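Asks: structure for the following, please:
(one chain, ligands or ions: 1)
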Amino acid sequence: MDGFVDKSQIKKEREKARALKKSQWWKQQIGPGVCYHCGEKFPKEELTMDHLLPISRGGKSTKKNVVPSCHGCNAGKGHLTRAERLLEEE
Ligand SMILES: [Zn+2]
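Replies: Sure thing, here's the model as predicted:
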């Protein structure tokens, strides 16, 4: 089945993401305070860790697959509003 990801794998990758967030490497990534998606500047506290390929689609919590993202981009991926996303998921 295409796109099927084991629940235990999702859990594992989420745990790896949590560990990665505490790393010195991640602090360097969010240091400049720039969102990877929109390029705007934000206070460090407002940047979240975003997976380029979502864990739910088989993405891994590796340095290559995670980027700093503002809440707006992380929630809407820059294209759709929350309402539009909800409609799409129906
Ligand atoms: Zn952004």
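Asks: pLDDT below threshold where in the protein?
Replies: Applying pLDDT under 70 to the chain flags the ranges 1-3, 77-90.
Asks: could you pick out the residues of it near the ion for me?
Replies: The interface of the chain toward the ion, taken as C-beta under 5 Å from the ion, is made up of Cys35, His37, Cys38, Cys70, Cys73. Yep, even glycine has a C-beta here, placed from its N, CA and C like the rest.
Asks: tell me where the chain has strands.
Replies: 47-51, 66-70 (DSSP state E).
Asks: which helix runs longest in the protein?
Replies: Criterion DSSP state H: the longest helix present in the chain is helix 7-21.
Asks: pull out the buried positions in that helix.
Replies: Glu13, Ala17, Leu20, Lys21 (16 or more other C-beta atoms under 10 Å).
Asks: report the angle between that helix and strand 66-70.
Replies: Interaxial angle of helix 7-21 relative to strand 66-70 (axes from the mean of the first three to the mean of the last three C-alpha atoms, to 10 degrees): 70 degrees.
Asks: quick one: helix 7-21 to strand 47-51, angle?
Replies: Going by the same axes, to 10 degrees, helix 7-21 makes 140 degrees with strand 47-51.
Asks: so which elements touch helix 7-21?
Replies: Under the contact criterion of 3 or more C-beta pairs under 8 Å, 6 or more residues apart in numbering; DSSP states H and E, helix 7-21 touches strand 47-51.
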